[in-house]
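In: Got a sequence here, can you model it:
(6 chains)
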Number of protein chains: 4
Amino acid sequence: MLDAAGAAFADRGFHGASMDAIAETAGISKPMLYNYFGSKDGLYVAYVERSGQALLEAMRGASDPAEPVDVRLRAGVLAFLAYVDDHRAGWSVLYREASAQGGPLAAKVAGLRLSIARMLTAVFGDEAFAHAFVGAGESVANWWLQHPEVPRADLAELLMKVAKPELPRTRRRRT
Amino acid sequence: MLDAAGAAFADRGFHGASMDAIAETAGISKPMLYNYFGSKDGLYVAYVERSGQALLEAMRGASDPAEPVDVRLRAGVLAFLAYVDDHRAGWSVLYREASAQGGPLAAKVAGLRLSIARMLTAVFGDEAFAHAFVGAGESVANWWLQHPEVPRADLAELLMKVAKPELPRTRRRRT
Amino acid sequence: MLDAAGAAFADRGFHGASMDAIAETAGISKPMLYNYFGSKDGLYVAYVERSGQALLEAMRGASDPAEPVDVRLRAGVLAFLAYVDDHRAGWSVLYREASAQGGPLAAKVAGLRLSIARMLTAVFGDEAFAHAFVGAGESVANWWLQHPEVPRADLAELLMKVAKPELPRTRRRRT
Amino acid sequence: MLDAAGAAFADRGFHGASMDAIAETAGISKPMLYNYFGSKDGLYVAYVERSGQALLEAMRGASDPAEPVDVRLRAGVLAFLAYVDDHRAGWSVLYREASAQGGPLAAKVAGLRLSIARMLTAVFGDEAFAHAFVGAGESVANWWLQHPEVPRADLAELLMKVAKPELPRTRRRRT
DNA sequence: TATGAATGAGCCTTCATTCAT
DNA sequence: AATGAATGAAGGCTCATTCAT
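Out: Have a look, this model is predicted:
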């Protein structure tokens, strides 16, 4: 049911998506939406939260602490790209909301971004670079939405290249 | 007069800014807004267009074709950061709209992004990397809005580091 | 169970009291309310009717036909005041509804008022005066809700004074 | 324009009167109502306030301080009855709201009632009796709405009779 | 019998947009 | 050229009311 909302939000934006339309798409009645989520904001937050959690967990799960840092980074990047590929709507909403700085809704997304940036700050040791990397990733992901023919691995490689100058020298593994 | 609209848009977003409020802030009557811009969309597009043109020109003007590529890139990066610093509202709206992929409004911003990306594609020789770089720049710029104490030059250096792996080997200048 | 409804009605008015709230307060499920009373109007009417009957019976029971008219009047007045004192919620709803002349609900209350007025018309011999007396009683009762420290007997005396000019000369009892 | 609202309120009560209906009856569009009164509550308050002021002024204007107290009282009573006769809707709403103790709207009417009661307390020297008299007046006025054939003077006489027991002995004028 | 879950209908409110002046 | 006044259309939200269990 959140999926219907997500599709609407991704399609027409928060303001453009009417509760009437969402309810109809979801095949339920408007009062039910309000029963479950309390308000339009509530519904939106719920959707964004779910998407954010899913993305975060996907990335966390992909990272094996036993591995060296570049391997882990690549795994995270791949998980990120996989999420984008599998959840177009979710990513779309997250990305769009990532820049909306007003409203109480943006806080959730800002939190997600921060979580990811913090993970990356641990990797890079530089907060600003971590944000740059996040931005690069988001931008590439979004560009990908319009060039789906590009294989996922290429993009991962691209992002690894962006990261290279800041990766610690342990790059060459011991084997 | 566009400035009043821009301030409102940056402050409350496109939907949050009512024509009433814009007209009052601009010290003008609503029918005049319609006379000049035709519609709310028209006003928004006009503002975004002006901001985009300004940014684009700033970046173009900074780039001296006689210089080697890394120098030109750094100049462009600096021009970009200068624009962000001097036009908070304009940048805010551009960045926010950069992710809204629906609606006829986004086309203009997409166009701007494309212009910049094309400039960078010429530099890097790789479209995807150019987009990654644009995203990194945007993200850093946005992060900067909340960390204004960081000097502009540091961010420029940071972005140059991101660009390094893809810069042609002409990196070591002849002179 | 009517009591819960009565409390809600007295507290928030007919429209302000939602069936949800009433059901919850009554510790019962909404469909049960509908099973017993058919509709919100039905519930309201039932409550008002019960309150009205109770008031009417209290006043009737207080009046001993063997007594002279002023004694009976005073007894009725006292019974009325006792009812108000003991059933704040009931009185509150009755009084509020006494003035709402629209809707099918008001008919019930109008009926109650009429019953009382008729009793008093028998006493006074003047319908208009009877209504004046009813209004005086209601108004005093309502004023009393905010001045509970005034003893009941004082108000009874007050109302007897209002009635005096219209009481038949049998005022001086034979015994 | 307030008159249309008044008619609707008198007819169907506050909740029963929809802004749509009021606007249509008033021959203007809904947004205009909001432009002038801000909200439904605002409109209601405005109407009640106007009615209350009119009633109060009518009663105040009728009372010549040079006259003895019973003459002034009768003049006030007549002014009251005249108002009721001439402004059915206004009176209807005032009377209905007089008993609604909840909500911020009731404050206005409570204020009006208090103003009148205070005038009468000055006459009678007894607050409770003043309220009784107000209630008698209201009730008679309301009864009158359904018995319009009764001449105004009769009701005035009736109310004077109610007041008699409490009027100071100056009742017999010096000439 | 009793209820959780569901809904049709309607209301207040706002906003982009346009006349009449 | 400029505006105050006016509106059609739509959106969020709630509520009395009913099935399916």
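In: what is the mean pLDDT for the lengthiest helix in chain A?
Out: When chain A is parsed with DSSP state H, its longest helix is helix A:40-62. For helix A:40-62, mean pLDDT is 91.
In: before we move on, what about stretch A:157-171?
Out: 82.
In: any idea how far A:Ile28 is from C:Arg72?
Out: As judged by CB to CB, to the nearest Å, A:Ile28 and C:Arg72 stand 64 Å apart. No exception for glycine: its C-beta is placed from N, CA and C like everyone else's.
In: What of A:Glu127?
Out: 90 Å.
In: same check, this time on A:Arg152
Out: 96 Å.
In: Quick one: check the helix or strand harbouring A:Met160 for contact with chain B.
Out: Take DSSP states H and E as the rule and A:Met160 turns out to sit in helix A:152-163. Yes. Contact between helix A:152-163 and chain B, assessed by CB under 8 Å from any CB of the partner chain, occurs at A:Asp154, A:Leu155, A:Leu158, A:Leu159, A:Lys161, A:Val162.
In: what does the lowest-mean-pLDDT helix or strand in chain A contact?
Out: When the helices and strands of chain A are compared on mean pLDDT, DSSP states H and E, helix A:105-124 comes out lowest with a mean of 83. Residues outside helix A:105-124 that contact it (CB atoms under 8 Å, 6 or more residues apart in numbering or on different chains): A:14, A:41, A:44-45, A:48-49, A:52, A:55-56, A:59-60, A:69, A:72-73, A:76, A:94, A:97-98, A:100, A:127, A:130-131, A:133-134, A:163, A:166-167.
In: hmm, 7 Å instead?
Out: A:41, A:44-45, A:48-49, A:52, A:56, A:59, A:69, A:73, A:94, A:97-98, A:100, A:127, A:130-131, A:133-134, A:166 (CB atoms under 7 Å, 6 or more residues apart in numbering or on different chains).
In: List buried residues within those.
Out: Among those, those classed as buried by 16 or more other CB atoms under 10 Å in any protein chain shown are A:44-45, A:48, A:52, A:56, A:59, A:69, A:73, A:94, A:97-98, A:100, A:130-131, A:133-134, A:166.
In: and these near chain B, which?
Out: Restricting those to those within reach of chain B (CB under 7 Å from any CB of the partner chain) leaves A:Ala98, A:Ala100, A:His131, A:Phe133, A:Val134, A:Glu166.
In: Count the residues that sit near A:Asp154.
Out: 12 (other CB atoms under 10 Å in any protein chain shown).
In: hang on, I meant A:Gly38
Out: 12.
In: Chain B versus that one, what's the distance?
Out: According to CB to the nearest CB, to the nearest Å, A:Gly38 stands 21 Å off from chain B.
In: Now that residue: phi and psi?
Out: Dihedral pair for A:Gly38: phi 80, psi -40, per degrees, to the nearest 10.
In: ditto for A:Ala66
Out: phi -80, psi -20.
In: Share the number of residues neighbouring it, please.
Out: 6.
In: for A:Val109, same thing?
Out: Count around A:Val109 with other CB under 10 Å applied: 22.
In: try the one 4 residues further on
Out: Other residues near A:Arg113 come to 22 when the count uses other CB under 10 Å.
In: Could you check how far it is from DNA strand F?
Out: 25 Å (CB to the nearest atom of the strand, to the nearest Å).
In: swap in A:Gln146?
Out: With CB to the nearest atom of the strand as the criterion, A:Gln146 and DNA strand F are 27 Å apart.
In: ok, which residues in chain A are in contact with chain C?
Out: So chain A never meets chain C (CB under 7 Å from any CB).
In: helix or strand for the residue of chain A at minimum distance from chain C, which one?
Out: Using CB to the nearest CB, the closest approach of chain A to chain C is made by A:Asn35 at 11.2 Å. Per DSSP H and E: A:Asn35 is located in helix A:30-37.
In: Repeat that for A:Ile28.
Out: Residue-wise, A:Ile28 maps onto no helix or strand under DSSP H and E.
In: That one: neighbour count?
Out: 15.
In: I figured A:Leu159 was touching A:Val77, is that so?
Out: Yes. The pair A:Leu159 / A:Val77 is scored as a contact, 4.9 Å apart, by CB atoms under 7 Å.
In: If we ignore the residues flanking it in sequence, what's nearest A:Asp85?
Out: Residue nearest to A:Asp85 in three dimensions, not counting chain neighbours: A:Arg152, with 6.6 Å by CB to CB, 6 or more residues apart in numbering or on different chains.
In: so what's the one you found up against?
Out: A:Leu78, A:Leu81, A:Asp85.
In: So it versus A:Ala79, what's the distance?
Out: Taking CB to CB, one finds A:Arg152 at 11 Å from A:Ala79.
In: what's the answer for A:Leu2, then?
Out: 21 Å.
In: contacts for the longest helix of chain A?
Out: Against helix A:40-62 from outside (CB under 7 Å, 6+ apart): A:2, A:5-6, A:9, A:14, A:19, A:33, A:37, A:75-76, A:78-80, A:82-83, A:87, A:90, A:93-94, A:97, A:105, A:108-109, A:112, A:115-116.
In: What subset of the residues you listed is buried?
Out: Using 16+ other CB under 10 Å as the burial test, the contacts of helix A:40-62 include A:2, A:5-6, A:9, A:14, A:19, A:33, A:37, A:75-76, A:78-80, A:83, A:87, A:90, A:93-94, A:97, A:108-109, A:112, A:115-116 as buried.
In: Just the ones of these in helices?
Out: Using DSSP H, the buried ones among the contacts of helix A:40-62 in helices are A:2, A:5-6, A:9, A:14, A:19, A:33, A:37, A:75-76, A:78-80, A:83, A:90, A:93-94, A:97, A:108-109, A:112, A:115-116.
In: can you pull the buried residues of the helix holding A:Asn35?
Out: For helix A:30-37, by 16+ other CB under 10 Å, it's A:Leu33, A:Phe37.
In: Packing partners of it?
Out: helix A:19-26, helix A:40-62 (3 or more CB pairs under 7 Å, 6 or more residues apart in numbering or on different chains; DSSP states H and E).
In: Mind putting those helices into CSV with distance to B:Pro148?
Out: Formatted as CSV, the helices and strands packed on helix A:30-37 follow (distance: least, CB to CB, whole Å):
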stretch, distance to B:Pro148
helix A:19-26, 39
helix A:40-62, 27
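In: and D:Trp143, which of these is closest to it?
Out: D:Trp143 lies closest to helix A:19-26 among the helices and strands packed on helix A:30-37, at 49.1 Å (CB to CB).
In: now that closest one: mean pLDDT?
Out: Here helix A:19-26 scores 94 as its mean pLDDT.
In: Okay, angle between that helix and helix A:40-62 too, please.
Out: Put simply, helix A:19-26 runs at 50 degrees to helix A:40-62, going by axes from the mean of the first three to the mean of the last three CA atoms, to 10 degrees.
In: For A:Gly27, give its distance to C:Pro65.
Out: 70 Å.
In: Show me which positions of the helix holding A:Met160 end up buried.
Out: Counting neighbours by 16+ other CB under 10 Å, helix A:152-163 gives A:Leu155, A:Ala156, A:Leu158, A:Leu159, A:Met160, A:Lys161, A:Val162, A:Ala163 as buried.
In: Tell me which two of these sit farthest apart.
Out: Pairwise over the buried residues of helix A:152-163, using CB to CB, the maximum falls at A:Leu155 and A:Ala163, 12.7 Å.
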